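sequence plus the predicted model coming up.
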Amino acid sequence: MDIIIDRKLLLSKFLIPITKFTDQGILNVYKEYVECISNTTRDKQTVILYTKLMAKTDMTEDEIKLNIGDLKKLINALSCVNDDIIKLSIEKNHIAYKSSDTNFKFHLKEDGTITSPTMNLDKINAITGDTELLISYDKISELVKASSFSVDSAKVYFTIKDNILIAELTDKTIQNLDVISFNLTDEISGEHFTEPVTLNMDIFKLISSLKFDKLSVKLTKKGVVIFEIKDDNYLMKYITSGLIK
């Protein structure tokens, strides 16, 4: 089976973000796209990453699983390739690439040797936020930059006032801690939450490493928070829940 895919997007919007969560993973290949689910836990807060990248295949099966034992090694191999649009050949136990100047063979792990998070994608995709936000890349970068001011806390508090989303960096469980806050966006739809939503700064650091125009944020009354970045060729969802305080 062959996969024709955009190499730069495969690296920047798929494999590299996944390596922020795990060193190995299972790639699910379908006729028109590739997807992966990974997760990590930071300061007792679990974050799930769902990535989807459009591709062309000649597969006849409904789905093929690729067990990648070393994502960084695969990234290194793809980084040696010069072409932007590439064809990867999927064999029984390896991925192969051949061109006039570069060839590589990357061996796959056997089924059952790598585990992935159990997650019902249909339920996740069906979630409609009670509150939806749009935040620019520049504002996310400002938020991450401001975290150097609040080195004693990894928390971000979201509040809405006068139709403005305000980010406050501090820890309200610690007395006499420095505080910095600033406006993030006025692109708000749905219900305006009345209590602060507490999030971990690490997720914004992960997101800021990507390039995008607008970040979509969906918040539900049950505490689920979904950060979404997408265009016609890829989709990325970071799924987590708000902290207690």
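Done, it's in. Numbering: from 1, shown residues only.

the domain parsing of this protein - what is it?
Listed domain ranges for the chain are 2-110, 126-241 (source: automatic domain parsing).

ok, and what's touching the lowest-mean-pLDDT helix or strand in the chain?
Lowest by mean pLDDT, DSSP states H and E among the helices and strands of the chain is helix 121-126, with a mean of 78. Residues external to helix 121-126 that are found in contact with it (Cβ atoms under 8 Å, 6 or more residues apart in numbering): Ile37, Tyr50, Ile226, Lys237, Ile239. Every C-beta, even on glycine, is put in place using the N, C-alpha and C of the backbone.

which of these are buried, as a PyMOL select command?
Only the buried members of the contacts of helix 121-126 enter the following PyMOL selection, criterion being 16 or more other Cβ atoms under 10 Å:
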select buried, resi 37+50+226+237+239
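
in TSV, list the contacts of helix 121-126 along with pLDDT.
Output for the contacts of helix 121-126, formatted as TSV (pLDDT from 0 to 100):
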residue	pLDDT
Ile37	91
Tyr50	93
Ile226	94
Lys237	93
Ile239	92
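
could you dump the contacts of helix 121-126 into TSV with distance to Thr19 and secondary structure added?
Formatted as TSV, these follow (distance: Cβ to Cβ, whole Å; DSSP: H, G, I helix; E, B strand; the rest coil):
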residue	distance to Thr19	secondary structure
Ile37	14	strand
Tyr50	15	strand
Ile226	21	strand
Lys237	17	strand
Ile239	18	strand
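
closest one of the contacts of helix 121-126 to Ile207?
Sorting the contacts of helix 121-126 by distance to Ile207 puts Lys237 at the head of the list, at 11.0 Å, by Cβ to Cβ.

just the CA trace of the least confident helix or strand of the chain, in CSV.
Taking Å, rounded to 0.1, in the frame of the first residue of the first chain, the C-alpha atoms of helix 121-126 are listed here in CSV:
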residue,chain,number,x,y,z
LEU,A,121,-14.1,10.1,18.8
ASP,A,122,-17.8,10.3,17.7
LYS,A,123,-18.7,11.5,21.2
ILE,A,124,-15.8,14.0,21.2
ASN,A,125,-16.7,15.4,17.8
ALA,A,126,-20.3,15.7,18.8
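
could you give me the average pLDDT of the following helix or strand past it?
Toward the C-terminus, helix 121-126 is succeeded by strand 131-136 as the next helix or strand (DSSP states H and E). The average pLDDT within strand 131-136 is 96.

other SSEs contacting strand 131-136?
Here strand 131-136 touches strand 180-185, strand 188-190, strand 214-219, going by 3 or more Cβ pairs under 8 Å, 6 or more residues apart in numbering; DSSP states H and E.

how about a cut-off of 10 Å?
In terms of contacts (3 or more Cβ pairs under 10 Å, 6 or more residues apart in numbering; DSSP states H and E), strand 131-136 is packed against strand 155-161, strand 164-169, strand 180-185, strand 188-190, strand 214-219, strand 224-230.

of all these, which one is nearest Pro17?
Ranking these by distance to Pro17, with Cβ to Cβ as the measure, places strand 224-230 first at 9.5 Å.

next, the angle strand 131-136 makes with the closest one.
Inter-element angle recorded for strand 224-230 and strand 131-136: 40 degrees (by axes from the mean of the first three to the mean of the last three Cα atoms, to 10 degrees).

which of the residues in strand 224-230 are buried?
Val224, Val225, Ile226, Phe227, Glu228, Ile229.

what does stretch 40-50 give?
For stretch 40-50, the buried set under the neighbour-count rule, 16+ other Cβ under 10 Å, comprises Thr40, Arg42, Gln45, Val47, Ile48, Leu49, Tyr50.

just flag the most distant two among the contacts of helix 121-126.
Ile37 and Ile226 (13.8 Å).
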